[in-house]
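# Predicted model and sequence follow; I will ask about them next.
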Amino acid sequence: MTHMMNQGVAELAQSLARKDFSSVEVTQAFLDRIQLHNNDLNAFVTITGEQALAQAKTADAMRAAGTAGPWTGVPFAHKDIFCTAGVRTACGSRMLDKFIAPYNATVVEKMNAAGMVMLGKTNMDEFAMGSSNETSWYGPVKNPWDRTLVPGGSSGGSASAVAAHLCPAATATDTGGSIRQPAAFCGLTGIKPTYGRISRWGMIAFASSLDQAGVLTRSAEDAAILLHTMSGFDPKDSTSVDLPVPDYLATLDKPLKGLRIGLPKQHFAEGLNPQVEKLIRDALAEFEKQGAILKEVSLDNSHLSVSAYYVIAPAEASANLSRYDGVRYGHRCDKPVDLEDMYKRSRAEGFGAEVKRRIMVGTYALTAGFYDAYYIKAQKIRRLIKDDFDRAFSEVDVIMGPTSPHTAFALGSKHKQKDPVAMYLEDIYTIAVNLAGLPGMSIPAGLLNGLPVGLQIVGRDFSEGQLLNIAHRFQQATDWHTRTPGVGAGTGLKGDQ
Amino acid sequence: MALALKDIENIAHLARLQLSEAEKTEALDSISSILSMIDQMQALDTAGADPLSHGFDASQRLRPDVVTETDQRDTLLKLAPNAAEGLFLVPKVLE
Amino acid sequence: MAWETVIGLEVHVQLSTKSKLFSGSSTEFGAAPNTQASMYDLALPGTLPVLNGEALQMAVKFGLAIGAGIGKKSVFDRKNYFYPDLPKGYQTSQLNHPTVGKGSLTFTLDDGTSRTIGVTRAHLEEDAGKSLHELFPQDTGIDLNRAGTPLLEIVSEPELRSAREAVAYLKKLHSLILYLGISDGDMSQGSMRCDANVSVRKLGDTQFGTRTEIKNINSFRFVEKAILIEAQRQIDLIEDGGRVVQETRLYDPDKNETRSMRSKEVANDYRYFPEPDLLPIIIDDAYIEAVRATLPELPDVKAARFQQQYGLSGYDANVLAANRDAADFYEAAAAECGDAKLTANWVTGDLQAVLNKAELDIACSPVSASALAGLIKRIKDNTISSKIAKTVFEAMVAGEGSADAIIDSRGLRQVTDSGAIEQMITAIIAANPKQVEQYRSGQEKVFTFFVGQVMKESKGKANPTQVNDILLQKLKG
């Protein structure tokens, strides 16, 4: 039997159903492992040990009574961006360091309803603004593959936790690549579904028209399970789409013969590490082996995606973060002299440098005189980018390419460059997908000097089932997704046997 | 267009952020850099394009006019840094 | 030098939906602070707006009633600024694509002349909370019950030319929104608030002068006074060689003056952009027609019909049609007693006087439409005289019962028996030979003496017309 700690969601569900062990046992095991490694990795910000064991106990009781669902009792973690009732929800920020959410996000409600056990809240870039998990008030997260490297961001805590086997899966969010890029850096299977697939109620907003919840796991099958559990129409979210959620598990095994895969020439150009490119092309060969057809496509305006994104996202964020004013919740400065002082100092103290920077960029882009040149211009480019994808999808079924131009970089290395743009370009292949609202995945496709390389798969609106199917078929023929620095993997987690 | 320190001060004020002199200088540098990147957009002629606000074309759903919320004052006021007599308190505002 | 005042009004109307614009909190007035403030209303992290369909319908209804184009695609925008009663740090409003486009409002001034004023647009937006400055020595208390209540902001073209016109416009607007049932329009409670944009220019000038905005005036009377005093202030200023500064001012009713608001910044850049948590509101012709079908007969149409159908004067027709409840009351009463003109007199006269004194709406009238009709019937069939009817009406208001019941219990039936009246008159003539002589020698005024005597003798119950006729006859000799 696979070690408990190495089992994914699907496997754990089966083990629990077979009563190989109880939910309390496996929950305690994960909690112990978190205790062992979290000081080092800093993946978790809040560990909800007591609550987790209580949930596990309930799960076991349900199993005994025969009322358990398929995923009841399986432990996992929530990115600390989802409001969890009675549990601190800090969003990586000092502003919310003492904020105990009074309600559950819809995503949290759904996971609770499935009977899954929350181990804790994972670390993240502050207000989801970052690509390395170095902007968190709670300190940077380490990549379990090499603790001098970043895990990617903003869902760095979730990625690190799953890669280190501190939990089999973790929820996450993606606004410009924050699920896919950490998945690539940590050797994980991550999916960001179509905008509107998962409710944003209770998911602390960064950029409203781009934010989408998703999941980080170690297999397409696990991603299918969690995506299905998290998805669905929510009347409390006006941008939630009223479409039924397909049974993603049912279509995992569909053969890929005849699948037309588009390769954007702009994603295989200058800036892509040639060794990464080689690994990607090797992975693509696997699809050809399974009968897929590769075809070059062009996303003409992709070179402007980062520019457009860094107008739209900060603009929306600048307004979304205005509510953090020290009046009704969150951080308030000491002894404010007057209202202006209260606002300015509370916000200056509560927000980190990157958040302040983006708020200012966003504010500027919306000021009279610049609104047309920046905001409207960016929205027009967004339209052209979406049109590019639509055009490509008239010729191919899915689009693939590298998730990131390179493997995980060193902690602190980007900041040495003293230019925030260097960090922004990390998302050069992922951002356009958010602008177009399309679903995207990253799956492990190889190792370069012992570090994971991710393959990005992008589909049409609401084609998550197809993406998961493609990922699953790849994972049935390869084993990159099984390589993680987990228990017994021998890649150096302190304290592992 | 070149950004000046005065612009940074104006933006910081609109966003209610207090910045030290060092932070203002840093902001001037980093935001200028970001704007340079963003300015790449200007090279493209977007005359024919319609701005896109969401990934999909859909219309706003309407909800029925029904009261669904109850009194949550006790729970919610507990979150406040300063509250009394059922009110959120802020330093006195002169109108 | 002759001056002209130019006025544009921005009226904020609180829509009478049960729940708020974007959340399911109650909008009921008068609740304890923050007991009607949900997580969305407090702008808690992760909360999102969903649009109240009734608020949209009310806005469309208003648009149709003023003949405006309805925006088939309307968009909500964020208006960004910081203030403690604005929880999100932005107000969700509509800038470039409002739900209601250009329309017009026609109203009548006191002198009977009619004016039509353009309405530029009307849009939906959230109300802010309330700041209470008086309760704590060092602090301001914030109550968010009102935050998120739906407002319809109605903007007029700057086509008003006097304070009186402005008030007439406001009153017509007020009557219309009550008519449509979209607001209770109570200015004292803040359900209707008026901002006045005022500027002056020399008569004949085509350019607009610099305008000031007087905010949050909360009564019709104050609107008139504020505009007058502000226009005068501007005129005095210019005539003294000064220039009007574009600014926001507040009207102080105690001092009857406007003063500049203590403003923090020169120009607040609101940085409007489309609300990304909401989608564009798309409505089609079917929706618009469905709303149109719910429109009541509008006051102007009703007034015209009253003139035609009931032969009422323009004035009476307008008065009755201005208030939907009064119009319905009137029609019910008129239908039952069959005398449109008499009913109009009673409703606009005696009944209105009673309601005014008791500060009651006609919906709470102590005398129902049917009861009033009952009274009027008795006047028409000569059971009582008009004069006696007033007494009966007073008794009805006091709750003594129906007209018939009061007439009976107080024995107020008119004496219409000519024979009896003739007898009375004969007796009075016989008893007053001196006055008869006076009358017959040409002193016509003495006639009233005889009328008085007959009324006294009959305890007011003799039918006045018959008394007159028979007296005349008898006195001629």
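Thanks, I have it.

# Which stretches in chain A count as strands?
Along chain A, the segments classed as strands by DSSP state E run A:44-47, A:75-79, A:117-122, A:170-174, A:189-192, A:212-217, A:260-264, A:293-297, A:398-402, A:440-448, A:451-458.

# With respect to burial, which of the ones you listed scores highest?
Among the strands of chain A, ranked by average contacts under mean count of other C-beta atoms under 10 Å in any protein chain shown, first place goes to strand A:189-192 (a mean of 32). Where you see a C-beta, it was placed from the backbone N, CA and C, and this is true even at glycine.

# Tell me how many other residues surround residue 36.
With no chain named, the answer covers chain A. For residue A:36, the neighbour count with other C-beta atoms under 10 Å in any protein chain shown is 16.

# ah, I was thinking of chain B
Neighbour count for residue B:36, taken as other C-beta under 10 Å: 13.

# Residue numbers of the stretch 201-350 of chain C in contact with chain B?
Neighbours of chain B within the stretch 201-350 of chain C, by C-beta under 8 Å from any C-beta of the partner chain: C:261-262, C:265, C:269, C:271, C:274, C:276, C:278-282.

# Can you tell me which of these has the most neighbours?
For these, neighbours tallied by other C-beta under 10 Å; top is residue C:271, 26 neighbours.

# Just say helix, strand or coil for that residue.
coil (DSSP: H, G, I helix; E, B strand; the rest coil).

# Pairing partners for the closest residue to chain B within the stretch 151-300 of chain C in the sheet, please.
Closest approach between the stretch 151-300 of chain C and chain B, counting by C-beta to the nearest C-beta: residue C:282, at 3.7 Å. Residue C:282 has these beta-bridge partners by DSSP bridges: residue C:73.

# That one contacts residue C:72, doesn't it?
Yes: Residue C:282 lies in contact with residue C:72 (C-beta atoms under 8 Å); the separation is 6.7 Å.

# Run through the stretch 1-150 of chain A and note the low-pLDDT ranges.
A:1 (pLDDT under 70).

# and the residue of it nearest chain C?
Nearest residue of the stretch 1-150 of chain A to chain C: residue A:83, at 4.8 Å (C-beta to the nearest C-beta).

# Could you measure from the residue nearest to that residue when sequence neighbours are not counted over to residue C:388?
Excluding the flanking residues, the one nearest residue A:83 by C-beta to C-beta, 6 or more residues apart in numbering or on different chains is residue A:101, at 3.8 Å. Distance, residue A:101 to residue C:388, by C-beta to C-beta, to the nearest Å: 74 Å.

# Relative to the whole chain's centre, how far out is the helix or strand of chain B with the lowest mean pLDDT?
Using mean pLDDT, DSSP states H and E, the weakest-scoring helix or strand in chain B turns out to be helix B:21-38, at a mean of 93. Its chain's C-alpha centre and that of helix B:21-38 lie 18 Å apart, by C-alpha atoms, centre = their mean, to the nearest Å.

# what do you get for stretch C:118-126?
20 Å.

# Show me the residue sitting in the middle of the chain in space.
No chain in the question, so chain A it is. residue A:179 (2.4 Å; C-alpha atoms, centre = their mean).

# The chain in question should be chain C.
residue C:175 (4.1 Å).

# Chain neighbours aside, what residue packs nearest to the residue in chain B that chain A sits nearest to?
Closest to chain A within chain B is residue B:55: 1.4 Å, counting by C-beta to the nearest C-beta. Computed as C-beta to C-beta, 6+ apart, the closest residue to residue B:55 that is not its neighbour in sequence is residue A:437, at 1.4 Å.

# From chain C, how far out is the one you found?
To chain C, residue A:437 is 12 Å away according to C-beta to the nearest C-beta, to the nearest Å.

# got a pLDDT number for that residue?
Note on residue A:437: pLDDT of 97.

# my guess is residue A:238 meets residue C:278, correct?
Yes: taking contacts as C-beta under 8 Å, residue A:238 lies within contact range of residue C:278: 5.2 Å.

# Find the residues that touch each one of these two.
The contact sets of residue A:238 and residue C:278 overlap at B:60, C:49, C:51 (C-beta atoms under 8 Å, 6 or more residues apart in numbering or on different chains).

# Give me the neighbour count for the residue of chain B closest to chain A.
Look at residue B:55: counted by other C-beta under 10 Å, it has 25 neighbours.

# Residue A:239 versus the residue in the stretch 301-450 of chain A positioned nearest to chain C, what's the distance?
Relative to chain C, the nearest point of the stretch 301-450 of chain A is residue A:322 (2.4 Å; C-beta to the nearest C-beta). Using C-beta to C-beta, residue A:322 is found at 20 Å from residue A:239.

# How many neighbouring residues does residue A:6 have?
Other residues lying near residue A:6 total 17 when counted by other C-beta under 10 Å.

# can you pull the buried residues of stretch C:187-199?
Residues C:187, C:190-199 are the ones in stretch C:187-199 that count as buried (16 or more other C-beta atoms under 10 Å in any protein chain shown).

# Can you show me the CA trace of it as CSV?
The C-alpha trace of stretch C:187-199 is given here as CSV (Å, rounded to 0.1, in the frame of the first residue of the first chain):
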residue,chain,number,x,y,z
MET,C,187,-38.5,65.0,2.0
SER,C,188,-38.4,65.2,5.8
GLN,C,189,-37.3,61.5,6.1
GLY,C,190,-34.9,61.9,3.2
SER,C,191,-36.7,59.8,0.7
MET,C,192,-36.5,62.7,-1.7
ARG,C,193,-33.5,65.1,-1.6
CYS,C,194,-32.8,68.0,-3.9
ASP,C,195,-29.6,69.5,-5.0
ALA,C,196,-29.9,72.8,-6.9
ASN,C,197,-27.4,74.0,-9.4
VAL,C,198,-27.8,77.8,-9.5
SER,C,199,-26.2,80.4,-11.8
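
# one step back: test my guess that the residue nearest to residue A:83 contacts residue A:86.
Yes: at 7.5 Å, residue A:101 and residue A:86 qualify as touching, with contact defined as C-beta under 8 Å.

# buried ones in the top helix by length along chain A?
The residue-count maximum for a helix in chain A (DSSP state H) belongs to helix A:23-41. Within helix A:23-41, the residues that count as buried by 16+ other C-beta under 10 Å are A:23-24, A:26-28, A:30-31, A:33-34, A:36-38, A:41.

# likewise stretch B:23-39?
Residues B:23, B:26-28, B:30-31, B:33-35, B:37-38 are the ones in stretch B:23-39 that count as buried (16+ other C-beta under 10 Å).
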